[in-house]
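Visitor: only geometry, no sequence info:
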Ligand code: ADP
Ligand code: ASP
Ligand code: MG
């Protein structure tokens, strides 16, 4: 039929039974006449367990060594999966990211792919073998050290390989039946979304829907490569991520579901519990102060997301500047700010880790008035307090207390009429 790159996430290969189930699925795909390249994540929560182990021996391990440690997780799963497939009568060969030609820059923990040279994968395919590639890892072009692509990065390995190999589709196998209108783990009434555009999926991923890695969607968009997100625990058709929902040409060979005539106004509600909120208190209200603060944070290599500056208090002539950043970077951000404390002359720094970011995403927002009104009424009726607000053309995000996340997501989901009749199935995983 065609060339399929199939990626299996950690929850799909959590134990020996999972490995055997996935091996059978790959054998079936091969038997149906496809060429298959497999990308696999570490088993279950192995990556988290390895991070915990590292933290027990060193509070701040060097990036090079942490990457070397974490890539061991994917080495285990690729080797055992290859063994299981070989027992089913097909030749499977495992490859590390480096062997598969995933060439990156040298920023440990968040390396960027600079080249993909999958010579050994093509050779395996020519010899009718099934290549099994360790996800989430590569090798630095300059230092030749082993790197990782960032948490959830196996999705990116799969899409990058699929693009380099001119695959027909990149299949992402996970523990739910595709992309839903909210995380089925906290919103059981989440509705299955049969198709979604790259742009909407990028906004959802950036807003915390970790079902797909943000950079993998960006990469797929650049190469116009369809992604099919589906469950490894069921045979149901999942969700296709494509450029244009009205363009049937890409899906003719891939999907049994016919045309979807009307694009819904709302694609989904996402939540993110991974951020912290940092407030720089008592910043003198003078030109250049915000620039100094944001420069210091940027120089520390930290991505800020939402930013708010309060109206200055008249008597003091001072204001508060608040921003959000990944929780793991909060301590580093505080340190960077302390370094400019004397120059900027602010009063204090307040770090709050108990926040959630809740976002509503939909391309239809552009042309439908009243979306914001419905959104804020739903949150208010649920008794949830809004601490920060930001918007893009197709997204509204707010910061709330972390404890309010489920309440806010389900309220917004209902208010936009997204609730499904049945309950969404979560087949596995711990949601960690
Ligand atoms: P894997 O181990 O396969 O990489 P992940 O845990 O990274 O799986 O991603 C799958 C999970 O993403 C689901 O179990 C679900 O809890 C979560 N998720 C968050 N938002 C969504 C959404 N909108 N649709 C589907 N799943 C979502
Ligand atoms: N094992 C890695 C992680 O847990 C990569 C992945 O699963 O995509 O982040
Ligand atoms: Mg994932």
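Guide: Structure's in. What do you need? Every value quoted in this text rests on a predicted model; they were computed, and no experiment measured them. Ligands and ions are numbered 1, 2, ... in the order given.
Visitor: what residues does the protein have near ligand 3?
Guide: 9, 152 (C-beta under 5 Å from the ion). Every residue, glycine included, has its C-beta placed from N, CA and C.
Visitor: who in the chain is up against ligand 2?
Guide: By C-beta under 6 Å from any ligand atom, the part of the chain that sits against ligand 2 consists of 9-10, 41-42, 47, 73, 135-136, 151-155.
Visitor: need the residues you listed in a markdown table (columns: secondary structure, distance to residue 112 and pLDDT).
Guide: What follows is the residues of the chain next to ligand 2, written out as a markdown table (DSSP: H, G, I helix; E, B strand; the rest coil; distance: C-beta to C-beta, whole Å; pLDDT from 0 to 100):
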| residue | secondary structure | distance to residue 112 | pLDDT |
| --- | --- | --- | --- |
| 9 | coil | 21 | 96 |
| 10 | helix | 22 | 97 |
| 41 | coil | 19 | 98 |
| 42 | coil | 21 | 98 |
| 47 | helix | 19 | 98 |
| 73 | helix | 21 | 98 |
| 135 | coil | 16 | 98 |
| 136 | coil | 13 | 98 |
| 151 | coil | 15 | 95 |
| 152 | coil | 15 | 96 |
| 153 | coil | 11 | 98 |
| 154 | helix | 15 | 98 |
| 155 | helix | 15 | 98 |
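Visitor: from those residues, which two are the most distant?
Guide: 73 and 155 (15.3 Å; C-beta to C-beta).
Visitor: so what's the predicted local confidence for residue 383?
Guide: For residue 383, the pLDDT comes out at 97.
Visitor: how near is residue 103 to ligand 3?
Guide: 22 Å (C-beta to the ion, to the nearest Å).
Visitor: again with residue 202
Guide: 15 Å.
Visitor: same check on residue 274?
Guide: 13 Å.
Visitor: and that residue, how far from residue 133?
Guide: 27 Å (C-beta to C-beta, to the nearest Å).
Visitor: okay, those two: which has more neighbours?
Guide: Higher neighbour count among residue 274 and residue 133: residue 133, with 30 against 16, using other C-beta atoms under 10 Å.
Visitor: quickly find the element holding that one.
Guide: Assigned by DSSP states H and E, residue 133 belongs to strand 130-134.
Visitor: quick one: the helices in the stretch 301-432 of the chain, in order.
Guide: 330-339, 341-344, 371-381, 405-415 (DSSP state H, counting those that start in this stretch).
Visitor: which strands or helices does the first one pack on?
Guide: In terms of contacts (3 or more C-beta pairs under 8 Å, 6 or more residues apart in numbering; DSSP states H and E), helix 330-339 is packed against strand 275-284, helix 289-299, strand 348-352.
Visitor: among these, show me which one is buried the most.
Guide: Ranked by mean neighbour count, the helices and strands packed on helix 330-339 are led by strand 275-284 with a mean of 21 (mean count of other C-beta atoms under 10 Å).
Visitor: low pLDDT regions in this structure?
Guide: Under the criterion pLDDT under 70, the flagged ranges of the chain are 1, 259-262, 314.
Visitor: burial count for whichever residue of the chain sits closest to ligand 1?
Guide: For the chain and ligand 1, the shortest gap (C-beta to the nearest ligand atom) falls at residue 9, measuring 1.8 Å. When neighbours are counted by other C-beta under 10 Å, residue 9 registers 24.
Visitor: spell out which residues of this protein are next to ligand 1.
Guide: Close to ligand 1, as judged by C-beta under 6 Å from any ligand atom, the chain has residues 9-12, 41, 152, 174-176, 179-180, 182-185, 209-211, 268, 426, 429, 431.
Visitor: filter these down to the buried ones.
Guide: 9-12, 41, 152, 174-176, 179-180, 182-185, 209-211, 268, 426, 429 (16 or more other C-beta atoms under 10 Å).
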